[in-house]
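Participant: kindly return the folded structure for what I paste below:
(one chain, ligands or ions: 1)
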Amino acid sequence: MRIFDLGGRAALGIEDKAVDIETASDGRFTADIQELYPRWEEFRTWAAGFTGGPDREVVPTALGAPVPRPPQVFAIGVNYRDHAAETGIDLPERPMVFTKFPAAVTGPYDDIVLPSENVDFEVELVAVIGRRARNVPESEGWSYIAGLTAGQDLSERAVQLAGPAPQQYNIGKSFEGFAPIGPVLVTPDELDDPDDIEVSCHLAGEQMQHSRTSQFVFTIPQLVASLSSVLPLLPGDLVFTGTPGGVGWLREPRRTIGPGEELVTTISGIGEMRHRFVSAG
Ligand code: ZN
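Facilitator: Modelled structure (predicted):
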């Protein structure tokens, strides 16, 4: 199953078209896509029994974030073996966790304002929680995931890395628009292998990152187990699962995002996001 926000209305994807969920369900579910996650099992059951046809065309630029108001956003650092090598950081024994504040979430085709010359890209697979998770064993981790979407963990590196450790990861990665997600949420059963997904991003037409989630240090079920051992994960929470090698800040020469440049983020089986960056002035 694939769902998305189309012009502010929750939609179910059927082939390349859309079903308006509020209309098709006679108002049982509202147009607010965020309200589907606390009722995920009920919604999945309804969607599985839906027999009508699509009623809307999909205009990509009308797509919004599939999870516009996540209660919590977890993000994982140093979670690909190749990125750990380029940063020179030893592989962590436990997940390295920070947050992106929820108001940084934006859609898959929105323009993003550059607050400085120090903004970097990080393609990431994002897992969306589908039911309350507390002390979940790794073996059951996938059953708590509503679906997967594409994300960018945009990062203002000078702010992120300012000062002595521990540094300012949370705020440096939470400027307005720095947590774009989309274009759709895909349930794990739709993917050939949800533990081995291709991720990549291109800046101004040049490939910057390319890897597979089989390179994870900690798998999605391991992250669910680890995070839920500390606090409850809530329906509609996001888990940014880390980025592979190739980030701009560590390139020789250094490469950051400039005004007018387009960043294309692609995750196989999910789709692509396209963001154009504009200067603050
Ligand atoms: Zn990241």
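
Participant: C-alpha only now, for contacts and for neighbours.
Facilitator: Fine.

Participant: pLDDT score for Asp110?
Facilitator: Asp110 carries a pLDDT value of 96.

Participant: hmm, I typed the wrong one, I wanted Ala85.
Facilitator: On the pLDDT scale, Ala85 is placed at 81.

Participant: was I right to think Phe121 contacts Val247?
Facilitator: Yes. Between Phe121 and Val247 there is a contact under Cα atoms under 8 Å: 6.3 Å.

Participant: more neighbours: which of those two?
Facilitator: Phe121 (26 against 21; other Cα atoms under 10 Å).

Participant: can you pull the contacts of that one?
Facilitator: By Cα atoms under 8 Å, 6 or more residues apart in numbering, the contact set of Phe121 is 152-155, 247-248, 256-257.

Participant: what's the answer for Tyr37, then?
Facilitator: Neighbours of Tyr37 in contact, by Cα under 8 Å, 6+ apart: 129-131, 146, 235-236.

Participant: try it again with 6 Å
Facilitator: 130, 235-236 (Cα atoms under 6 Å, 6 or more residues apart in numbering).

Participant: go on, Asp55?
Facilitator: So Asp55 contacts Val19 (Cα under 6 Å, 6+ apart).

Participant: what about Ala48, how many residues nearby?
Facilitator: Using other Cα under 10 Å, Ala48 has 9 neighbouring residues.

Participant: now do the phi/psi pair for it.
Facilitator: The phi/psi pair for Ala48 (degrees, to the nearest 10) reads phi -70, psi -30.

Participant: please produce CSV containing the contacts of Phe121, extended by secondary structure, distance to the ion and pLDDT.
Facilitator: Shown next, in CSV, are these (DSSP: H, G, I helix; E, B strand; the rest coil; distance: Cα to the ion, whole Å; pLDDT from 0 to 100):
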residue, secondary structure, distance to the ion, pLDDT
Gln152, strand, 8, 98
Asp153, coil, 5, 98
Leu154, coil, 8, 98
Ser155, strand, 8, 98
Val247, coil, 10, 96
Gly248, helix, 12, 97
Thr256, coil, 15, 98
Ile257, coil, 16, 98
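
Participant: ok, and the most crowded of the residues you listed?
Facilitator: Using other Cα under 10 Å as the neighbour criterion, Gln152 leads the contacts of Phe121 with 29 neighbours.

Participant: in this structure it contacts Leu125, no?
Facilitator: No. With contact defined as Cα atoms under 6 Å, Gln152 does not reach Leu125; the gap is 8.4 Å.

Participant: returning to that earlier point: wait, which of the contacts of Tyr37 is closest to Val184?
Facilitator: Nearest to Val184 among the contacts of Tyr37 is Gly236, at 13.9 Å by Cα to Cα.

Participant: what does the stretch 151-281 of the chain put close to the ion?
Facilitator: 153, 242 (Cα under 5 Å from the ion).

Participant: all helices of the stretch 151-281 of the chain, in order?
Facilitator: Counting by DSSP state H, counting those that start in this stretch, the stretch 151-281 of the chain has these helices, from start to end: 157-160, 169-172, 220-228.

Participant: which of the ones you listed has the highest mean neighbour count?
Facilitator: Stretch with highest mean neighbour count among the helices of the stretch 151-281 of the chain: helix 220-228 (a mean of 21; mean count of other Cα atoms under 10 Å).

Participant: contacts for stretch 87-106, please.
Facilitator: For stretch 87-106, contacts defined as Cα under 6 Å, 6+ apart pick out 65, 73-77, 170, 173-174, 176-180.

Participant: let me fix that, I meant to ask about stretch 19-33.
Facilitator: 9-12, 54-55.

Participant: what's the ChimeraX line that selects buried ones from these?
Facilitator: Per 16 or more other Cα atoms under 10 Å, the buried members of the contacts of stretch 19-33 correspond to this ChimeraX selection:
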select :9,10,11,12,54
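
Participant: can you tell me which of the contacts of stretch 19-33 is nearest Pro38?
Facilitator: Ala10 (14.3 Å).
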